[in-house]
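Novice: Model the following, please.
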Amino acid sequence: MSLLLALLLTTLPAPARVVHTWPLPPPHPVVRAFEPPPTPYGRGHRGVDLAAPENTEVLASADAVVAFAGRVGTRQLISLSHPNGLRTTYEPVVPLVKAGQPVTRGTRIGTLTPGHRGCRTPCLHWGAHKPKPPHREYLNPLNLLARVRLLPAS
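Specialist: Numbers count the residues shown, from 1 in each chain. Alright, predicted model coming up:
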């Protein structure tokens, strides 16, 4: 019983932490990892690419308000603004939400389309950043996911 209680307590979020979940249904194959840029304008991969079939539902990773949903150049993307100031981005997707709309974790926000540069098969580019003047601070979105830790029973 104490192991179960310890497991439950360690998976509860800290009060100021927003708990995120995967933005796609399982499985979650990462086909390209996060590579932070060495400088604000340097080369890097500012998110992770998750392989999935075309038309897979894309889900809000946490409670948020839709900051943007639409076309930027030749691609469509969604940007969510979370209560802790974090923004997550999802592309390429056909948006099912509109700017200003509140969403909860797990809400279907769009469907995956092919066309993300660097992916041979359809994949979702999932990014995360914090505005940090004068530049954005990019984060590895996989570090936002809740982790289960087992503690020794004592």
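Novice: And the nearest residue to residue 103 once chain neighbours are set aside, what's its pLDDT?
Specialist: Nearest non-adjacent residue to residue 103, counting by Cβ to Cβ, 6 or more residues apart in numbering: residue 60, 4.4 Å away. Yep, even glycine has a C-beta here, placed from its N, CA and C like the rest. Residue 60 carries a pLDDT score of 98 in this model.
Novice: ok, residue 60 - contacts?
Specialist: 23, 80, 103, 104, 105, 106, 107, 109 (Cβ atoms under 8 Å, 6 or more residues apart in numbering).
Novice: again, but for residue 48
Specialist: 30, 32, 33, 34, 125, 126, 127, 140, 141, 142 are the contacts of residue 48 under Cβ under 8 Å, 6+ apart.
Novice: Swap in 6 Å and give it another go.
Specialist: 30, 34, 126, 141, 142 (Cβ atoms under 6 Å, 6 or more residues apart in numbering).
Novice: Format these as TSV; extra columns: pLDDT and distance to residue 52.
Specialist: Output for the contacts of residue 48, formatted as TSV (pLDDT from 0 to 100; distance: Cβ to Cβ, whole Å):
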residue	pLDDT	distance to residue 52
30	95	11
34	94	18
126	97	11
141	96	15
142	95	16
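Novice: beta partners of the most centrally placed residue in the chain?
Specialist: The centre of the chain sits closest to residue 126, judged by Cα atoms, centre = their mean, with a distance of 4.8 Å. Taking DSSP bridges as the rule, residue 126 bridges to residue 48, residue 90.
Novice: again, but for the one 4 residues further on
Specialist: Note on residue 130: beta-bridge partners by DSSP bridges are residue 137.
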